[in-house]
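K.L.:
this one's sequence-less:
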């Protein structure tokens, strides 16, 4: 992320959240500012200020994020990226928001560091070849494979790969070790983690992104007949991450 060039508008001017978050992002070399959580004020500010990224709650004082995005499309050809924060845990709403143009959805409660990490993830335009940020590397990989960002499996999968890179023992026993670890982080169950990760890989597979998937697994389309399993995907992604990091340490070019 380039320093001092990213402009983030936070649609909340309260001291408890908006001002606090703006201060936190400013310390990370991001130009962040707040506006009232009202539709007309948000729209006029986006038109006049042209922020790169907008962070808003799903529910506005006089509207909601879905209506906001729809109205903005009638005014602007190119919208800024949106992070929508919601206290409603509903996959249909998440999907609707993504289809309307949101780049990412977050569920409450979420802390400032989590929001910053999402800002960093969705605003990197081109991943540097010598990038040593493991989270960015894995996020770039799973995005190129066509895994939708709005589904829960996207986050679970990314976390599973990062955790496996830090503790290779997880790869030997995903059911008893890795899924419970991810479930602990997201306060859910191992069964839901396993199911969501499988669904995310299914989503990429069903999007017919076979070329990227074949490149990832190093085989031809004829040889990649069935969907990769969770363990196959996570193990290979972990291996690619470790290889990338080792090569960067040696100042070699990673392809």
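P.N.:
Received, thanks. Quantities reported herein were computed from a predicted structural model and do not represent experimental measurements. Numbering: from 1, shown residues only.

K.L.:
Could you list the low-confidence segments of this structure?
P.N.:
1-4, 89-91, 124-131, 149-150, 207-211, 219-225, 247-255 (pLDDT under 70).

K.L.:
State the phi and psi torsions of residue 6.
P.N.:
Dihedral angles of residue 6 (phi, psi; degrees, to the nearest 10) stand at phi -80, psi 130.

K.L.:
Look up how far residue 140 lies from it.
P.N.:
According to Cβ to Cβ, to the nearest Å, residue 6 stands 18 Å off from residue 140. No exception for glycine: its C-beta is placed from N, CA and C like everyone else's.

K.L.:
With neighbour numbers in mind, choose between these two.
P.N.:
Per other Cβ atoms under 10 Å, whichever of residue 6 and residue 140 has more neighbours is residue 6, with 19 against 16.

K.L.:
all strands of the stretch 1-150 of the chain, in order?
P.N.:
Taking DSSP state E, counting those that start in this stretch as the test, the strands found in the stretch 1-150 of the chain are 7-10, 31-34, 53-57, 81-86, 104-107.

K.L.:
Save these as JSON lines, and put in mean neighbour count and distance to residue 217 too.
P.N.:
Formatted as JSON lines, the strands of the stretch 1-150 of the chain follow (neighbours: other Cβ atoms under 10 Å; distance: least, Cβ to Cβ, whole Å):
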{"stretch": "strand 7-10", "mean neighbour count": "22", "distance to residue 217": "37"}
{"stretch": "strand 31-34", "mean neighbour count": "20", "distance to residue 217": "40"}
{"stretch": "strand 53-57", "mean neighbour count": "24", "distance to residue 217": "33"}
{"stretch": "strand 81-86", "mean neighbour count": "22", "distance to residue 217": "30"}
{"stretch": "strand 104-107", "mean neighbour count": "20", "distance to residue 217": "27"}
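
K.L.:
Using a markdown table, lay out those strands together with distance to residue 20.
P.N.:
Formatted as a markdown table, the strands of the stretch 1-150 of the chain follow (distance: least, Cβ to Cβ, whole Å):
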| stretch | distance to residue 20 |
| --- | --- |
| strand 7-10 | 10 |
| strand 31-34 | 10 |
| strand 53-57 | 12 |
| strand 81-86 | 14 |
| strand 104-107 | 16 |
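
K.L.:
So for residue 93, which of those sits nearest?
P.N.:
strand 81-86 (6.8 Å; Cβ to Cβ).

K.L.:
Tell me, how many residues neighbour residue 135?
P.N.:
Number of residues near residue 135 (other Cβ under 10 Å) recorded here: 15.

K.L.:
what sits against the closest residue to residue 45 other than its chain neighbours?
P.N.:
Closest residue in space to residue 45, ignoring its immediate chain neighbours: residue 35 at 4.8 Å, by Cβ to Cβ, 6 or more residues apart in numbering. Residue 35 makes contacts with 9-11, 13, 41-42, 45, as judged by Cβ atoms under 8 Å, 6 or more residues apart in numbering.
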